[in-house]
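K.L.:
pasting a predicted model and its sequence here:
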Amino acid sequence: MAFQLAACAEMLWQDRPIAWRAARLHEMGFGVGLWNWPAWDLEALERTGATFTIMNGYLHGRLADTEGADLLLASARETAQVGKRLSVHRLNLHGTGLGDMGLPIQQSAHVAPGMWLRARDTLHRICDMAEEEGVTFTLENLNLREHPGCPFNSTADVLSLVAAVDRPQLRINLDLYHTQIGEGDVIRWAEACLPWIGEIQVADNPGRFEPGTGEMNWPVIARALADMGYDGPVGLEAYARDTPEAALEAFRAAFTL
C-alpha cells in the first residue's frame with residue numbers, strides 16, 4: 001500500500017528560497033503543497049519539475065454573503081490560471097479569507113441558517129467555474145481554537161457542505177490535525193468523509209510537528225485509512241521539530257505500510 005505523499009513547502013526550510021524547497025521535496029520523492037502563491041517566483045517553481053499537489057485556491061472572498069461570494073469567485077478564477085500553469089492538482093478553500101496567523105479576516109460569531117444556503121450556492125458557482133477551467137477545488141476543515149470566528153470551520157460543517165454540493169469539482173481537504181483538536185475521533189471522521197476526500201493533511205498534536213511528536217497514533221491511523229480503501233494524497237502540513245529531513249522521514253515511515 002503506497003499513499004501519495006506530499007509536504008507543505010512553506011513550513012519547511014524557511015530560510016531557503018521556495019524553489020529550493022520545492023526542488024528538495026521533489027528530490028526526496030514528495031509532492032509539494034503551497035500556500036501564498038503571489039509571494040513566489042512562479043517561473044522558478046516551474047523549473048523545479050516538482051509535482052504540486054495542493055495550493056491556496058483564492059486570495060479574497062467569503063462563502064456566505066453576496067459580496068464575498070463575488071470576490072471569492074473572481075479570486076478563485078484568477079488562481080485557477082496559476083494552478084493550471086503549475087499543474088496543481090487541488091485548489092484549497094476556507095469558509096472565509098484568512099489573514100495573519102490564520103485568523104479570519106471577517107469573523108462570524110455564529111452561522112445563521114441562511115448562510116448555509118448561500119455557502120452551498122457559492123460552492124456550486126465555484127464548481128461551475130472549475131468545470132469550465134478543468135480544475136478541482138477542496139474545502140478544508142480548521143479548528144476554532146486556532147481559527148476563532150471562521151465560519152464552516154469544523155469537520156462536520158465541511159462534510160455537510162461538500163456532501164450537499166456533491167460534485168466532482170469540489171472535494172474535502174480533510175486536515176486530521178484540525179479534526180483532532182476540534183472533534184477527535186479522527187478515524188471515524190475519515191470514514192464519514194471518505195466518498196468526498198480529495199486530500200488528507202496531517203500534523204501531530206500538540207505542536208503541529210511531524211508524526212511521532214505528539215499524541216496521535218499515526219501508524220494506526222494510516223492502516224485504518226488503507227483498510228477503508230483510501231489511497232490518495234497525504235500531505236504533511238507541519239513544522240519540523242528538528243530538521244526537515246528527519247521530519248519528512250518520520251512522516252514517510254508513519255505512512256509506509
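P.N.:
It's in. Here the structure is a predicted model, which is why all the values come from computation and not from measurement.
K.L.:
so who does the most centrally placed residue in the chain touch?
P.N.:
Nearest to the mean C-alpha position of the chain, by C-alpha atoms, centre = their mean, lies residue 173 at 4.7 Å. Applying C-beta atoms under 8 Å, 6 or more residues apart in numbering to residue 173 gives the contacts 54, 90, 92, 138-141, 198-201. All C-beta spots, glycine's among them, are computed from the backbone N, C-alpha and C.
K.L.:
make sure it is indeed in a helix.
P.N.:
No: with DSSP: H, G, I helix; E, B strand; the rest coil as the criterion, residue 173 is strand rather than part of a helix.
K.L.:
quick check: it vs residue 99, distance?
P.N.:
Residue 173 is 19 Å from residue 99, where distance means C-beta to C-beta, to the nearest Å.
K.L.:
same check on residue 196?
P.N.:
For residue 196, the distance to residue 99 - C-beta to C-beta - is 28 Å.
K.L.:
circling back: now, which of the contacts of residue 173 lie within strands?
P.N.:
Of the contacts of residue 173, the ones assigned to strands by DSSP state E are 54, 90, 92, 138-140, 198-201.
K.L.:
now the residues you listed as JSON lines including distance to residue 215?
P.N.:
Output for the ones in strands among the contacts of residue 173, formatted as JSON lines (distance: C-beta to C-beta, whole Å):
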{"residue": "54", "distance to residue 215": "25"}
{"residue": "90", "distance to residue 215": "28"}
{"residue": "92", "distance to residue 215": "26"}
{"residue": "138", "distance to residue 215": "26"}
{"residue": "139", "distance to residue 215": "26"}
{"residue": "140", "distance to residue 215": "22"}
{"residue": "198", "distance to residue 215": "26"}
{"residue": "199", "distance to residue 215": "23"}
{"residue": "200", "distance to residue 215": "18"}
{"residue": "201", "distance to residue 215": "17"}
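K.L.:
check contacts around residue 159.
P.N.:
Counting by C-beta under 8 Å, 6+ apart, residue 159 touches 172, 189, 192-193, 196.
K.L.:
among the residues you listed, which pair sits farthest apart?
P.N.:
Spanning the widest gap among the contacts of residue 159 are 189 and 196, at 12.0 Å by C-beta to C-beta.
K.L.:
what residue ranges in this protein score low on pLDDT?
P.N.:
Counting by pLDDT under 70, the chain has low-confidence residues at 1, 101, 109.
K.L.:
and for residue 148, the neighbour number?
P.N.:
Neighbours of residue 148 under the rule other C-beta atoms under 10 Å: 14.
K.L.:
that older thread, which of the contacts of residue 173 lies closest to residue 226?
P.N.:
residue 200 (11.7 Å).
K.L.:
which ones are touching that closest one?
P.N.:
Here residue 200 is in contact with 173-176, 190, 225, 230, 232-235 (criterion: C-beta under 8 Å, 6+ apart).
K.L.:
quick revisit: may I see the contacts of residue 173 arranged in a markdown table, with distance to residue 74 as well?
P.N.:
A markdown table is the format used below for the contacts of residue 173 (distance: C-beta to C-beta, whole Å):
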| residue | distance to residue 74 |
| --- | --- |
| 54 | 21 |
| 90 | 20 |
| 92 | 17 |
| 138 | 19 |
| 139 | 18 |
| 140 | 20 |
| 141 | 25 |
| 198 | 23 |
| 199 | 24 |
| 200 | 29 |
| 201 | 26 |
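K.L.:
done for today, thanks.
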